[in-house]
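Chemist: kindly return the folded structure for what I paste below:
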Amino acid sequence: MEDADPRACAERLLGIRDHGREELRRKLLKRGYAPGEVERVLDELAARGILDDARFVREFARQALEKGHGPAYIRAKLTLRGTPPAGSVCTPGEEKASLNAFLERRRLHPRALTGAPERAKIQRFLLGRGYSATVISSVLGRGAEFEEG
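Modeler: Now for the predicted structure:
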């Protein structure tokens with residue numbers, strides 16, 4: 001059931017999960033609301049502090065780090081949602097903690113990675129999850145030097 005009022009629809013969507021301004025704009029326009037109405041509602045929600053791109057980016061990054069994704073993945077996903085981050089999405093320490101937690105959950109112990117092919121495979125996998133080569137090397141330790149593709 002669609003809401004007749006774009007504000008009610010926007011508030012319902014924001015009640016489900018936080019959105020960035022552009023992502024919410026796209027969803028409202030897709031539902032057929034007039035562009036002028038959508039902009040008015042977005043401005044009102046932003047003025048009330050309900051719609052906040054900075055908060056959205058921080059929360060999205062926090063959740064992605066907890067799920068085992070690195071900053072490159074986070075930046076790409078935020079850009080797809082229409083909210084490219086202005087700066088860094090996490091500190092190197094947060095990225096390293098995320099990677100360590102992810103490896104622990106996967107039962108991948110850096111010291112156990114002794115063979116070069118196995119180590120290279122893990123490195124490619126972690127790069128694909130958005131972790132930086134620098135942090136991967138620091139976590140995997142000696143023998144983890146490689147070039148980012």
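Chemist: which stretches in this protein count as helices?
Modeler: 6-16, 21-30, 35-47, 53-66, 71-80, 92-105, 116-128, 133-140 (DSSP state H).
Chemist: least confident secondary structure element in the chain?
Modeler: Least confident helix or strand, the chain: helix 116-128 with a mean of 89, by mean pLDDT, DSSP states H and E.
Chemist: and that helix, what does it pack onto?
Modeler: Counting contacts by 3 or more CB pairs under 8 Å, 6 or more residues apart in numbering; DSSP states H and E, helix 116-128 is packed against helix 133-140. No exception for glycine: its C-beta is placed from N, CA and C like everyone else's.
Chemist: can I get the helix it packs on as PDB, trimmed to CA atoms?
Modeler: Taking C-alpha atoms only, helix 133-140 is exported to PDB below (Å, rounded to 0.1, in the frame of the first residue of the first chain):
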ATOM      1  CA  ALA A 133      47.000  -4.100   0.800                       C
ATOM      2  CA  THR A 134      48.800  -2.200   3.600                       C
ATOM      3  CA  VAL A 135      46.400  -3.500   6.300                       C
ATOM      4  CA  ILE A 136      46.400  -7.000   4.800                       C
ATOM      5  CA  SER A 137      50.200  -7.100   4.900                       C
ATOM      6  CA  SER A 138      50.300  -5.900   8.500                       C
ATOM      7  CA  VAL A 139      47.800  -8.400   9.700                       C
ATOM      8  CA  LEU A 140      49.100 -11.400   7.700                       C
END
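Chemist: residue nearest the centroid of the chain?
Modeler: Ile74 (3.1 Å; CA atoms, centre = their mean).
Chemist: circling back: Ala86: which of the helices of the chain is closest?
Modeler: helix 53-66 (8.4 Å; CB to CB).
Chemist: poorly predicted segments of the protein, please.
Modeler: Residues of the chain meeting the criterion pLDDT under 70: 1-3, 142-149.
Chemist: change it to 50
Modeler: 1, 144-149 (pLDDT under 50).
Chemist: OK, contacts around the closest residue to Ala72 other than its chain neighbours?
Modeler: In space, Ala72 comes closest to Gly130 once its chain neighbours are excluded; the distance is 3.9 Å by CB to CB, 6 or more residues apart in numbering. By CB atoms under 8 Å, 6 or more residues apart in numbering, Gly130 lies in contact with 69-76.
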